[in-house]
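I need the structure of the sequence given here:
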Amino acid sequence: MILLLILTEVSLEKLFKSISAYIKRNKDDMAAALDEEVELDIEEKPREEKERGRKKKEKVTTQQVPRSPGEAAGHTPNSDYFDVYFKNDALAEIAGKTKETARKTFKFDVGEDEPADAVDIAEVASEVIREQAGTAKPKFKITEENSGVLTQLPDENGNFKTDDDEFEPPSLVQMQEKVDPMTQAALDEGISFDRAVEAGKRIKHEEAQQAANSINIMAKENIEATKIINYKLPSVSLLAKPKAKAKSRAEIKRELENKANKLLETLASFKVEADILNITQGPTVTRFELQPGFGVKVSKITNLADDIALSLAASGVRIEAPIPGKAAIGIEIPNEEASSVPIREVIDSDEFREFKSKTAFALGKDISGKGVIADVAKFPHVLIAGATGSGKSVCINSLITSILYKAKPNEVKMIMVDPKMVELGVYNGIPHLLIPVVTDPKHAAGALNWAVAEMQNRYQLMKDNKVRNLQGYNMLMEEQGTPENKLPEIVIIIDELADLMLAAKNEVEDAINRLAALARAAGMYLVIATQRPSVDVITGVIKANVPSRIAFAVSSQVDSRTILDAMGAEKLLGKGDMLYAPRGESKSIRIQGNFISDNEIENVINFVKKQYEAEYDESILEHIENAQEAQNAAAEDDSHTRSGDKDELFVKAAELVFESGQASVAMLQRRYKIGYQRAARIIDQLEENRIIGPYEGTKPRQVLITRNELNEMLMNNPD
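Here you go, the predicted model:
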């Protein structure tokens, strides 16, 4: 050291001044590098500060470089340790060399404001001398030119300390012991170590992303489940209260007695003896139950319907002979003032509240004033028909409202088809809808085709789980502890069948027939309405597969027979007056349908929407769009390839095959972006006109046309 001072011509005083300045600049770094051999002329510090200095010293002097996962696990999270490897072998060799440092003991004084920490004076002195002599060794920096990539294996903060120990990079075997399974799998495939590490990191990131997505999905499902649990069915307070009757009971009784006497007088004038057994007044009509005298034919009374109407000044008289279950004939005479049936009267009844089915349908009140509640699941498909203004649309609104009052969104789903675009659009956004209300007749065919596919999928599930119907499947899911796998019932409502039959008769009729024949056990039900009950709309196949019927007022006996296979609907009064013929019943029931106003519908819809937003099924929408595109492509092909006409692309195709020297369907599809059928027809036309040769298996078709023939064709067809 003395020889070094003499050679550099540095005074001892100047040296110690420089050392003091160096300590001031680097006091924080030096505080962690205590050495036992240094003696300091300072006052003894408090015990706590000495203890802290001792711990700092021990932290450095006892530092070990962990070489295995076991050793690394022994360090605390705050320990400074390293475990690195270098791609560049030259750098590893440099880093592994031992730096020889002369250690000597110096004794020097420091100021009161300077830190009283022991440092490696030999290191400091050497550094100061090199700085003053201008020969300071530059600090080593890792660059891309001399090191490649520095990769950290286990250490999160990347710190490493070696003190003066010799650094020996870990071997490849040691590094591979620390790699994760993903990286090891990449190494087993022969991938280099660096690429394997990157691949392992990427796979970990992807797995973390997938886990996050799964967590998001589970969270969303939990939110949906919470919504379902907290979902509340609408209250009857959303519906208008019934108005009080204008007439007193005494007035009504007096009117009925007068009508009964007139009826008997009319029958007596035609020499028909009969007795009145009972009088029942309903919302719209009053039924007089007659027992004919001995020897009086029933037909004689039924033929007097018009005469009775004339005598009583009634708009129409309907005779039911005989009344089912009674030895009597019913003569139904319209009331002078018909009273409506607010839907609240039926929905607020005990019968509706206690009705177990989620597809309950509040139809209205029968002729005796008793509420009639049907089950859509037991229809299981129903045809609703009637003239304009007869109450058909109000009946559909009553059906939808009844379901909203009975079922949660996960229990019953609906698909609505409204070609008129004004009746069912208000229901867009309710959570019970699978898709928005369909208004395009062509899209309706796609929706019905999806329903057919869904029906088949449900039957496959039932087969796999060995159950017979949807109720059995849902009960099984409940028993297995997986209620989230339960399937909802689906009600498909078509407001105007006639428009669908005009737009896509074959597709619509085929889908309706398949659903009507098989969908009941799958929990899917059809509600079909039309205002034109003709045989070209309600075909024989549809009638055979739709067992339940609701007939409103129609204009003729023919229409009544088309709907009910019987007369009677032509005698109805309109405004909700209906004949209900459920499945399995030989006689229809006369009912006054419910009335629900637009304000009431809006109140119920808003109540439902506030609790639960609609979440439409994107797969159904995609299915409908794909079906529409396929239908459009087929229609376009047909329009361009009528029998006996050349395709519009015929001349262009001839020019293309001449220039390319080959002809194929795929080539025409790619060039002109057309469907397979149209491209195949063009190829056939080219062959018929001897522009290309016949099909020869795997060999390409031969081009027969010459340049002159092609030019002549182009001149004759300038377009």
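
Surely Pro547 and Phe379 touch.
Yes - if you go by Cβ atoms under 8 Å, Pro547 and Phe379 touch, sitting 7.2 Å apart. (C-beta placed from N, C-alpha, C; glycine too.)

which of those two has more neighbours?
Legend: neighbour count by other Cβ atoms under 10 Å for Pro547 and Phe379, higher for Phe379 (22 against 19).

Hmm, that one is touching Asn545, no?
No - Phe379 lies out of contact with Asn545 (Cβ under 8 Å); the separation is 11.8 Å.

shared neighbours, Pro547 and Phe379?
Arg583 (Cβ atoms under 8 Å, 6 or more residues apart in numbering).

shaky segments in the stretch 551-700 of the chain?
Per-residue confidence for the stretch 551-700 of the chain (pLDDT under 70) gives these ranges: 630-644.

how about the helices in it?
Along the stretch 551-700 of the chain, the segments classed as helices by DSSP state H, counting those that start in this stretch run 557-564, 598-611, 618-640, 650-660, 665-672, 676-688.

Can you give me the buried ones in the second one?
In terms of neighbour count (16 or more other Cβ atoms under 10 Å), helix 598-611 has its buried residues at 600-601, 603-605, 607-608, 611.

which of those sit farthest apart?
Spanning the widest gap among the buried residues of helix 598-611 are Glu600 and Gln611, at 17.8 Å by Cβ to Cβ.

same question for stretch 435-444, mean pLDDT?
Mean pLDDT, computed over stretch 435-444, is 89.

quick revisit: and the helices of the stretch 551-700 of the chain: which comes nearest Gly472?
Gly472 lies closest, by Cβ to Cβ, to one member of the helices of the stretch 551-700 of the chain: helix 618-640, at 25.1 Å.

one step back: present the helices of the stretch 551-700 of the chain as a markdown table; the columns should include distance to Met455.
Putting the helices of the stretch 551-700 of the chain into a markdown table (distance: least, Cβ to Cβ, whole Å) gives the following:
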| stretch | distance to Met455 |
| --- | --- |
| helix 557-564 | 26 |
| helix 598-611 | 27 |
| helix 618-640 | 13 |
| helix 650-660 | 43 |
| helix 665-672 | 34 |
| helix 676-688 | 29 |
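
closest to Trp450 out of these?
helix 618-640 (4.6 Å).

Could you check the pLDDT of Asp35?
pLDDT, Asp35: 46.

domain ranges for this structure?
Domain ranges of the chain: 2-178, 249-334, 378-585+608-623, 641-716, per automatic domain parsing.

Mean pLDDT lowest where, among those?
Among the domains of the chain, domain 2-178 carries the lowest mean pLDDT (a mean of 48).

coming back round to it: for Glu423, find the nearest of the helices of the stretch 551-700 of the chain.
The closest of the helices of the stretch 551-700 of the chain to Glu423 is helix 598-611. By Cβ to Cβ, the value is 10.8 Å.

Which among the helices of the stretch 551-700 of the chain is found nearest to Val272?
helix 557-564 (24.2 Å).

And the helices in the stretch 251-400 of the chain?
So, for the stretch 251-400 of the chain - with DSSP H, counting those that start in this stretch - the helices run 298-302, 305-312, 343-347, 350-353, 392-406.

Pipe those into JSON lines and attach mean neighbour count per row.
Conversion of those to JSON lines gives the following (neighbours: other Cβ atoms under 10 Å):
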{"stretch": "helix 298-302", "mean neighbour count": "13"}
{"stretch": "helix 305-312", "mean neighbour count": "15"}
{"stretch": "helix 343-347", "mean neighbour count": "24"}
{"stretch": "helix 350-353", "mean neighbour count": "13"}
{"stretch": "helix 392-406", "mean neighbour count": "23"}
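
With distance to Ala627 added, can I get the ones you listed in a markdown table?
Formatted as a markdown table, those follow (distance: least, Cβ to Cβ, whole Å):
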| stretch | distance to Ala627 |
| --- | --- |
| helix 298-302 | 51 |
| helix 305-312 | 50 |
| helix 343-347 | 36 |
| helix 350-353 | 39 |
| helix 392-406 | 25 |
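
Which one of those helices lies nearest to Asp495?
helix 392-406 (6.3 Å).

Show me where the stretch 401-550 of the chain has its strands.
412-417, 489-494, 524-530, 548-551 (DSSP state E, counting those that start in this stretch).
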